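*Asks:* sequence unknown, structure follows:
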């Protein structure tokens, strides 16, 4: 697995010939009108492709008056792009011919590969080898094809029913059928695309390659993705962060990743593992990449049309202008619930509004210009809000009442939008009658929604994205650590044929990585136990150390609050006897003598190494609540400092750490540092498959935290 | 407040003349085409009203060739309905004339009432008096009017732009503008209505009256409501429960109640009160009434078209049939996330499917008939699912791929729907191309959605509603209680000028209502304390009893785990001295000696009497989590037994009560009984404004629960 990943990272592919070809060979072009081979050729022609088209078909002289060649080898030039629509078994040889012909990129439209089983997968491997040999970037197989609407290219190399209009949104999809549906949706909603890409089984070209291309694509301002999996986690985070966080030209990415529901419980029996469904990994990846994950296509486009057409709001403060109270309240609810702020109306604006609006209007936010408002009253009100210093976005609502001038009002909003750099979003509540106004708005770059909740959702996404772009940039912190010492401990455990570290070994690992481990010592006799306890200072705790015993508490292997040397000795004797009697098979490696911890708030830290994505760091509230509420959050390691801080704040029960009932806030910095050390430990010690610190006791701010118990498992 | 409430309940209005009039007077009918007075008349005429129309206008002989009268008194008959479109100041006299003329119902369309301030409110009061005097049910003022599409009536008595088509959905709205928007939306989406009602300021007729009418309206199968407030809580629960829970003819109610966000923190400083925002009351009311509360208009109609056109599914088990993998996964995600179950495909169905579908199809659920499926393949697959015993609903997805027969497939789905009593819902993902198919479906009673999440949401709502209709019916339990004794205690507190009961008094109240109060006694001297402690049994707890001291813990007024008579005596002396020194103003009424409770799980029970809606019962997890997580639920008292049980199960942290880490489940029956007793106490003792039991300690199943501390406040 690891080798494959590295090779994918290494080869940065040139996708210019794929997206901007000067010539295209359609291998498998057909005269049968209902065939895919005809559809591709026909879309290229009717889409007005600006380059040269070569239909390849040994059985036809021409198709729709375009002369055919029998083989790609018969074409005089080396075509930039080959689009292959042949039965799957013919594809390997065809790719080889493309290689001989020095084709610069290829797309396999045909199905019949991994999706049909083992034979298909074998074909894919064969194809991959050939493309690697000839260094041809290859898209597909099993895809709808791709489209570049850019005037100087004007290429529809897909077998879609529809060619989208030009726009600044790129859409890339792992599902061809969903791509087709989205072209249909976009046609209805008047949405344009810069690029449309159905990338299929991603034998070679995958989402990372396409993102790398789109990063530099001047035609694209917003990127939409439909994904069913990711080839890599960290590489995705890296390229997506570059794109979403580019301060000069940030491009938002909105993604659907389907398969959210658990496909089956993970095998790991460990406590931490049981809380990690694979979907949490994707949540973590998208979060760290600044990608806006959404669940549905309509939500995706709600956001896309806002990002594609309007500047980002300077703050969360918005003003609603409406001709109806009810939808005004609903819009306020929707805004407030998603964290937008209702901007206060300044005295100047209030005065200006009162000069012209009827006295029964509502002059506070939401501003109600009331039901008989014609376009001019909207115009006046919006103009005042453009001047209002508290307002950083404008949310205009229209309901179709008897006096309402739907199209005129739309025009007035468009004109206002041209005057201001505050984002304006509109909501024309209704259907049939309001559609003419909505069309005017969408054609003139004002996003318009049917219902206030959608508009508010889009505005909130814009605010969140602006906060992301403007966030302080932090690094992955590196701490000094005795990594060699830890390697040695782990090697010893491995050599002894074990997978589970003893508490004592686990503590040593965490200590070596600078975690605040509660003072402890290992004792092998009553006397030694008493001496260690004196060194550490009373009261102490005693825990049995035996690799066969995982749940020490359940077997009576823990004694708390031992106050004197005598108590320690007695506890040692009793525990040893009890365990030896009950578990004669358990090899007792000694007793861990630990300082009795001061009471603090319990949290849990964990790591689970995902086979595909690598180490996933977990944080949650400790105690029984971690199980009862599943109030845990994840990040893919390595984790940057800011991401760690946000991670901590994103648990639902954060108020318990912030302090309720007059309690002091917990030392969140200490938690953050532990999580950063855990991230480093996870990345440096790849033998560790799973670990958790449970609990980490956290004390009030500046008083730090302490590792009380810990567990490490090797892979 | 209470008097008003009772009178509203008492007068059941006859709304037949409002909805099914044989004759209508339009008072204020106008020749000016842009006026509301013209629009109403015109809508009545063009809507094809089957009765007689009398335009009333002293300045016109006729309007659009319909002869006018100068005054309603000039009409020869007594019109069933008067629709009034006059300046607000002329309305009272007009209503009086309507009364004299024995008009049977009236609607005031005009604005200019309470929404403009004090003068408007005064006018409303005057009008209400007149209508009460003449006993005319009156709708409005400040509304759009109402529509009855029923063939034999065919009345559009509103000034809407559009007349909806006939259907089986009733829509009633507190906002006229939203009503207008919804007519526009319905026109676009091909949705019909049985009744459309904009009821405005509800001076007389309110949502309760309209619900009572719709309960018996055979034309209505689904009721939609847009509300900004409710006139009453318990009466709404009663009538809505009758409608939604009618086993012979259940009618689902779907409601939007806007104003969800907190309008300002409630004044009550008490702990319980701070958790109760007014919106929780509405959540509780809708829950108890079986009303499906939604947040947006599109969600409302997502549900409405499913309820209006399809039978309820027998279970949550559904089968998805799709021609595309991606949307199939998205649909599965959406279904599973909202609690639907993916039905397993039986061996018989599997065999039947394999006989005809291509081998690359997916034969498990979601069933993928793959991209090249034409209508006949859908037909075959759906027919098998109709026969599949595990499937209780069928969810058909279509994406517009190159081979897809959109309209033919729609027809095949319609035909399948006619063959089965399993509900079928469709999802045609796309826009332009799929719209023709969607139209065929919606015209033939198959709800069709653009995106799977909406379809899944509707299906889930249908399942939830079926569960509601089929729920076991329970009663409000009545327990034997010493209500007179409690009244006496409360009177004494009131007479002493206090609002806060002492712990001792509170305990006596709860004891009188049969709560399991921890054994206790009140002691006024060291000796008495020691004696009481012996009676109760050691160890005991001692708490100071003083009405000025609310937070006993904070002032050192609690001592735990006193094990001997000596310890009790010492504690009594020390506590008394300490408190007398620190709070010389506090009058110590003695010390409460209480049995030291066994450890159990902490929950909190509370009641807060809402001025408008009455007692609201609260339940939540105790300890700091109640504050940190706001994990509390509410019900309006009196609460039925089943509702109490569901209430307990609906806290997020229910797993803590169910038992985690091998802990035994808590005695939920004991909690339920306490909540039922609290409901009874709240209803019978109206002097109590607020109370809470914090904590109630709950023991493992059958071991009961115990009231440890409690607090009662009078109004």
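*Replies:* All right, it came through fine. The shown structure was predicted, so the numbers you read here are calculated from the model rather than taken from an experiment.
*Asks:* now residue A:181: how far from chain B?
*Replies:* 4 Å (CB to the nearest CB, to the nearest Å). Glycine gets a C-beta too; all of them are placed from N, C-alpha and C.
*Asks:* Wasn't that residue part of a strand?
*Replies:* No. With DSSP: H, G, I helix; E, B strand; the rest coil as the criterion, residue A:181 is helix rather than part of a strand.
*Asks:* ok, which residues in the stretch 201-350 of chain A are in contact with chain B?
*Replies:* A:226, A:228, A:256, A:258-261, A:295-298, A:323-327, A:329-330, A:332-334, A:336-337 (CB under 8 Å from any CB of the partner chain).
*Asks:* now, which of these lie within helices?
*Replies:* If you go by DSSP state H, those have A:297-298, A:325-327, A:329-330, A:332-334, A:336-337 in helices.
*Asks:* Going through these, which ones are buried?
*Replies:* Among those, those buried by neighbour count (16 or more other CB atoms under 10 Å in any protein chain shown) are A:297-298, A:325-327, A:329-330, A:332-334.
*Asks:* Adding distance to residue A:101 and pLDDT, write these out as JSON lines.
*Replies:* Shown next, in JSON lines, are those (distance: CB to CB, whole Å; pLDDT from 0 to 100):
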{"residue": "A:297", "distance to residue A:101": "39", "pLDDT": "95"}
{"residue": "A:298", "distance to residue A:101": "44", "pLDDT": "94"}
{"residue": "A:325", "distance to residue A:101": "69", "pLDDT": "87"}
{"residue": "A:326", "distance to residue A:101": "66", "pLDDT": "89"}
{"residue": "A:327", "distance to residue A:101": "61", "pLDDT": "92"}
{"residue": "A:329", "distance to residue A:101": "66", "pLDDT": "90"}
{"residue": "A:330", "distance to residue A:101": "61", "pLDDT": "91"}
{"residue": "A:332", "distance to residue A:101": "63", "pLDDT": "91"}
{"residue": "A:333", "distance to residue A:101": "62", "pLDDT": "89"}
{"residue": "A:334", "distance to residue A:101": "57", "pLDDT": "92"}
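*Asks:* Return the closest of those with respect to chain B.
*Replies:* residue A:326 (2.8 Å; CB to the nearest CB).
*Asks:* excluding its backbone neighbours, what's nearest the closest one?
*Replies:* residue B:175 (2.8 Å; CB to CB, 6 or more residues apart in numbering or on different chains).
*Asks:* rewinding a little: select, from the buried ones among the ones in helices among the residues of the stretch 201-350 of chain A next to chain B, the two members most distant in space.
*Replies:* A:297 and A:325 (31.9 Å; CB to CB).
*Asks:* that's a strand at residue A:697, yeah?
*Replies:* Yes. Looking at residue A:697 with three-state DSSP, it is inside a strand.
*Asks:* can you list contacts of whichever helix or strand residue A:157 is part of?
*Replies:* When secondary structure is defined by DSSP states H and E, residue A:157 falls within strand A:155-158. Identification of contacts with strand A:155-158 by CB atoms under 8 Å, 6 or more residues apart in numbering or on different chains yields A:21, A:24, A:40, A:43-44, A:46-47, A:49-51, A:81, A:83, A:107, A:144-148, A:163, A:179, A:196, A:198.
*Asks:* redo that, cut-off 6 Å
*Replies:* A:43, A:47, A:49, A:83, A:144-148, A:163 (CB atoms under 6 Å, 6 or more residues apart in numbering or on different chains).
*Asks:* Which of these sits closest to chain B?
*Replies:* Set against chain B, the nearest of these by CB to the nearest CB is residue A:144 (8.4 Å).
*Asks:* how many neighbours does the closest one have?
*Replies:* Residue A:144 has 31 neighbouring residues, counting by other CB atoms under 10 Å in any protein chain shown.
*Asks:* Could I get the contacting residues of the closest residue to residue A:245 other than its chain neighbours?
*Replies:* Nearest non-adjacent residue to residue A:245, counting by CB to CB, 6+ apart: residue A:290, 5.6 Å away. Applying CB under 6 Å, 6+ apart, we find residue A:290 in contact with A:241, A:244-245, A:468.
*Asks:* Please type out the ChimeraX selection for whichever of the residues you listed turn out to be buried.
*Replies:* To isolate in ChimeraX the members of those that are buried, counting by 16+ other CB under 10 Å, one can use:
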select /A:241,244,245,468
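*Asks:* so which of the contacts of residue A:290 comes closest to chain B?
*Replies:* Within the contacts of residue A:290, proximity to chain B (CB to the nearest CB) peaks at residue A:244, which comes in at 23.4 Å.
*Asks:* what residues are up against that closest one?
*Replies:* Here residue A:244 is in contact with A:253, A:290 (CB under 6 Å, 6+ apart).
*Asks:* pLDDT score for it?
*Replies:* We have a pLDDT of 98 for residue A:244.
*Asks:* in which helix or strand would I find residue A:243?
*Replies:* Using DSSP H and E, residue A:243 falls in helix A:234-244.
*Asks:* which residue is nearest the middle of chain A?
*Replies:* By CA atoms, centre = their mean, chain A has its centre lying nearest to residue A:286, at 1.3 Å.
*Asks:* The stretch 1-150 of chain A against chain B: which residues are in contact?
*Replies:* Applying CB under 6 Å from any CB of the partner chain, we find that the stretch 1-150 of chain A lies next to chain B at A:39, A:116.
*Asks:* Check the stretch 1-150 of chain A for the residue nearest chain B and tell me.
*Replies:* Closest point on the stretch 1-150 of chain A to chain B, by CB to the nearest CB, is residue A:116, at 5.2 Å.
*Asks:* For that residue, grab phi and psi.
*Replies:* Main-chain dihedrals, residue A:116, degrees, to the nearest 10: phi -100, psi 0.
*Asks:* That one against residue B:360, yeah?
*Replies:* Yes. Between residue A:116 and residue B:360 there is a contact under CB atoms under 6 Å: 5.2 Å.
*Asks:* just the strands in the stretch 251-400 of chain A please.
*Replies:* Secondary structure of the stretch 251-400 of chain A (DSSP state E, counting those that start in this stretch): strands at A:253-257, A:292-293, A:317-322, A:341-342, A:367-368, A:393-398.
*Asks:* If anything else comes up later, I'll come back, but that's it for now.
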